[in-house]
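A.B. asks: Sequence plus the predicted model coming up.
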Amino acid sequence: MAGGNRRLAIDKILFTMAFGRDVDYHDKVPQLTYLDRCTGEVIWVYETDYDAYMEAGIPADDNRKERERVAGDPDRYLEIPGLDHGDHHEILKAFLSSDWTDDEKQRGNSETAYSGSIGRWKKSVNDQDTIHTFYDFRDARVAMLAEEFLQENGIAPIWR
């Protein structure tokens, strides 16, 4: 056991998707995500039943039941906060200052292309290899941050 943390099998893809989402940019309709501390299940809940139905076609009763399940046993569920938009910019900045390439021209073009917008950076770079390398870096960084978050909350993940 890592530091006395409880070992828990968790779907890595689902957890990192919930943890790594850009809550400022993508959560236009308020959603909450939770980890079931007993089963490792990742649960997505819309704050309103109307939004659940209108955005994802989830029946209002199903969304309400999930929300009530979490509210009924709050110690069992860990809210997965997601990352804010600034966190995503920090990940891109960390990528740009990392040793991701030995090609100085490629590095310089990528650094110059960043002007404060991630989307504009992708368009300005116009180099699919650089963008894919960034995605790999981002995915690894989000997974690392997610694991740190779990450990801080007493969970040693066993990724499946």
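C.D. replies: Received, thanks.
A.B. asks: which SS class is the residue found closest to Ile155 once you drop the neighbours it is linked to in the chain?
C.D. replies: Closest residue to Ile155 apart from its sequence neighbours, by CB to CB, 6 or more residues apart in numbering: Leu8 at 5.2 Å. Bear in mind the C-beta positions are built from the backbone N, C-alpha and C, glycine included. The three-state label given to Leu8 by DSSP: H, G, I helix; E, B strand; the rest coil is strand.
A.B. asks: Quick check, central residue of this protein?
C.D. replies: Residue closest to the mean C-alpha point of the chain, counted by CA atoms, centre = their mean, is Gly20 at 1.0 Å.
A.B. asks: what's the closest non-adjacent residue to Gln31?
C.D. replies: Nearest to Gln31 is Tyr46, by CB to CB, 6+ apart, at 5.5 Å.
A.B. asks: Just to check, that neighbour is in contact with Ile58?
C.D. replies: Yes - if you go by CB atoms under 8 Å, Tyr46 and Ile58 touch, sitting 7.0 Å apart.
A.B. asks: So what does the residue lying closest to Val42 once chain neighbours are set aside have for phi and psi?
C.D. replies: Excluding the flanking residues, the one nearest Val42 by CB to CB, 6+ apart is Leu14, at 4.3 Å. When read as degrees, to the nearest 10, the backbone of Leu14 gives phi -60, psi -40.
A.B. asks: Pull up the gap between the residue nearest to the centre of the chain and Ala146, please.
C.D. replies: Gly20 sits 7 Å away from Ala146, going by CB to CB, to the nearest Å.
A.B. asks: Give me the domain ranges for the protein.
C.D. replies: The chain breaks down into these domains under automatic domain parsing: 2-82, 85-139.
A.B. asks: Which among these is found nearest to Trp159?
C.D. replies: Nearest of these to Trp159, taken as CB to CB: domain 2-82 at 3.9 Å.
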